[in-house]
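1. here are the coordinates; sequence isn't available:
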């Protein structure tokens, strides 16, 4: 048709080709796999590991599809072994844990079977959610009282140090017996109370300082955490626990874990593909902290190389390893620990312009840091990440729990000057490295205790059953809509059917491209989108019929049908978009998944129902003398 511009044909062709390309990866079913990597993150694997893996699988008579050595800049070397089904995958993981021991991490994974040329242009399948892939889900309650306890204990120590530093005489500094009522400071005179009140108010602006009831020669001050600060502490506790859980769950090798806040004091953790809740709980419930210690040598030091090769470590030192497996010697004497860390943030060094991390310690740790740095300028200091997990094994029919502690040097830098509670770590290379270190420092340990209040397991067979039912629902819904449109609107109905099919293709392509996790509510959103998408074509077809009844020529009826129906289609879809946007921004979990799918589906259906059908109709009827229309 002459009224349909040529550039729109090109647009439709390009969109449809890209839609097919980026939807195509979803036809390639991922291979169930087991990932074997060194326990030290980023370390290289011994060349004999592949042979050990092969021998262990052959001894256990477990058939495998593929076995290959891969490398990742963050994880280092790892071996990925593929299997035909989840049962073989689990059996292989159990056999490899026994054969390889604690020096290697055995994790469930999915190996992509998408061709390399498709991955090279960014093609990837949609990750499957817990309800489709199977896995475990935990609902964890964050103990907000623990946040208050830690902060009030910190203020108790800080106020004590402040009064000593200001040389203000005091009788005692202690927490109020009632949680949340702050710190009680007892002084010997009214003058000391006034001086203490001014000092505390000026130094700690987050505390509300008021006079208490006097008893004889005991003058009391009450320092209570302000409500705004308390809310910030509780919010930050959730954020820090989310970061910590993210760091820990990476050790499980889970693809696309879902870790999100739920309400004001709960965290939901969904680990798709994990079928061992005991292993997941062990990692999630691990305790972790940080240690600042004197550095005694890195990999360039011959003494460190000798200690790494022979295992002969000096009596006053520990031999630890870095993220890439590089050895370090560090002092056994701890300068400060993560429990004494108040804050950490990434930034830029004002002198060199290089990325840095700004660290704040409490007063007790600041005194120790000041003493250490005064005597060790120009010498190295290490930050050690310490994590304790519990290994559970069945021995003689009894459950035996054994604590296991791992140490990793996450930063090793030279002390540039004397500092105490505030200091800066430089020499980090990139802004991302600085940001990661700040997150590690803040997220190394849990900001507040957490208890698992709910736990559930979805087996892989149930997940596959959900996929089968969801696929049948999509195909059934699509088939019925296609049939109804073709019967009622004839040729125009068939054109709408073609557009509806491409709507599904483009919807899947967009969801794959931006990495939307597909869940059962997402499938429901797809089915609803397909049902709603035909509405626009119904409006167009009815407008075309109306124009024909009013005596318009067939070509004029088509032109008027699209022009007059567009305003109504736009109005209807805008209201749908508002509802979908509300579900996406305000919902969580399944509701958000449904909203995201609906939002994308509405946008794609507006394009296919109007532009694609108009293009096809123009190709069919353009340049022809028509007496009537099949509509």
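-> That came in fine, so what should we check first? Worth saying up front: this structure is predicted, and the values here are computed from it rather than measured. Numbers count the residues shown, from 1 in each chain.

2. Packing partners of the longest helix seen in the chain?
-> For the chain, the helix that runs over the most residues, judged by DSSP state H, is helix 460-514. Helices and strands touching helix 460-514, by 3 or more CB pairs under 8 Å, 6 or more residues apart in numbering; DSSP states H and E, are helix 6-23, helix 130-133, helix 520-549, helix 590-606, helix 613-621. Where C-beta positions appear, they are placed from N, C-alpha and C, glycine not excepted.

3. Those into JSON lines, with extra columns for mean pLDDT?
-> As requested, these are arranged in JSON lines below (pLDDT from 0 to 100):
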{"stretch": "helix 6-23", "mean pLDDT": "90"}
{"stretch": "helix 130-133", "mean pLDDT": "74"}
{"stretch": "helix 520-549", "mean pLDDT": "83"}
{"stretch": "helix 590-606", "mean pLDDT": "86"}
{"stretch": "helix 613-621", "mean pLDDT": "83"}
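
4. Out of those, the one nearest residue 482 is which?
-> helix 520-549 (8.8 Å; CB to CB).

5. Now do that closest one and helix 613-621, the angle between them.
-> On the basis of axes from the mean of the first three to the mean of the last three CA atoms, to 10 degrees, helix 520-549 is oriented at 50 degrees to helix 613-621.

6. Could you pull up the mean pLDDT of the longest helix of the chain?
-> Regarding helix 460-514, the rounded mean pLDDT is 82.

7. Report the beta-bridge partners for residue 386.
-> Residues in a beta bridge with residue 386, per DSSP bridges, are residue 289, residue 407.

8. What about it, how many residues nearby?
-> As a burial measure, residue 386 scores 19 neighbours (other CB atoms under 10 Å).

9. what separates stretch 376-383 from the chain centre, distance-wise?
-> Put simply, stretch 376-383 sits 33 Å off its chain's centre (CA atoms, centre = their mean, to the nearest Å).

10. which residues are in contact with it?
-> With contacts defined as CB atoms under 8 Å, 6 or more residues apart in numbering, stretch 376-383 is touched by 290-296, 298, 320, 328, 330, 335, 372, 409-418, 425, 437, 441.

11. Endpoints of that stretch, how far apart?
-> End-to-end distance for stretch 376-383, by CA to CA, to the nearest Å: 16 Å.

12. repeat for stretch 37-45
-> 7 Å.

13. In stretch 208-222, which residues are buried?
-> Neighbour-count burial for stretch 208-222 flags 209, 212, 219-222 (criterion: 16 or more other CB atoms under 10 Å).

14. which of those residues are the two that sit furthest away from each other?
-> Using CB to CB, the two most remote members of the buried residues of stretch 208-222 are 209 and 219, lying 13.0 Å apart.

15. can you give me how far the longest helix of the chain is from the chain middle?
-> That offset, for helix 460-514, works out to 31 Å (CA atoms, centre = their mean).

16. Use 423 as the first number from now on
-> With the count now opening at 423, the last piece we talked about shows up as helix 882-936.

17. which ones among the buried residues of stretch 630-644 are found in strands?
-> Secondary structure assignment by DSSP state E places 631, 641-644 of the buried residues of stretch 630-644 in strands.

18. who's in contact with stretch 921-937?
-> 437-438, 440-445, 447-448, 544-549, 896, 900, 903-904, 907, 940, 944, 948, 951-952, 955-956, 959, 1019, 1022-1023, 1026-1027, 1029-1031, 1034-1035, 1038.

19. ah, wrong one, I meant stretch 834-847
-> Under CB under 8 Å, 6+ apart, the answer for stretch 834-847 is 717, 720, 744, 750, 764, 769, 771, 778-785, 787-789, 791-792, 795-796, 798-805, 833, 848-849, 859.

20. go again using 7 Å as the cut-off
-> Contact partners of stretch 834-847, identified using CB atoms under 7 Å, 6 or more residues apart in numbering, comprise 717, 720, 750, 771, 778-783, 785, 788-789, 791-792, 795-796, 798-804, 833, 848-849.

21. Equivalent analysis for stretch 776-788, please.
-> Taking CB under 7 Å, 6+ apart as the rule, stretch 776-788 contacts 576, 579-580, 583, 758, 762-771, 791, 842-848, 850, 852-853, 855-856, 859-860, 863.

22. ok, and the closest non-adjacent residue to residue 718?
-> residue 751 (4.1 Å; CB to CB, 6 or more residues apart in numbering).

23. And residue 501, by the same measure?
-> Leaving aside its chain neighbours, residue 501 sits nearest to residue 458 (4.4 Å; criterion: CB to CB, 6+ apart).

24. Quick check: that neighbour touching residue 489?
-> No. Taking CB atoms under 7 Å as the definition, residue 458 is not a contact partner of residue 489, at 9.6 Å.

25. Touching both of the two, which residues are there?
-> 475, 501.

26. more crowded one of those two?
-> Higher neighbour count among residue 458 and residue 489: residue 458, with 27 against 16, using other CB under 10 Å.

27. For the closest residue to residue 1005 other than its chain neighbours, give its distance to residue 551.
-> Leaving aside its sequence neighbours, residue 1005 sits nearest to residue 1017 (CB to CB, 6+ apart; 2.8 Å). According to CB to CB, to the nearest Å, residue 1017 and residue 551 sit 14 Å apart.

28. quick revisit: thought residue 1001 was touching the residue nearest to residue 1005, still the case?
-> No. Using CB under 7 Å, residue 1017 is not in contact with residue 1001, being 8.3 Å away.
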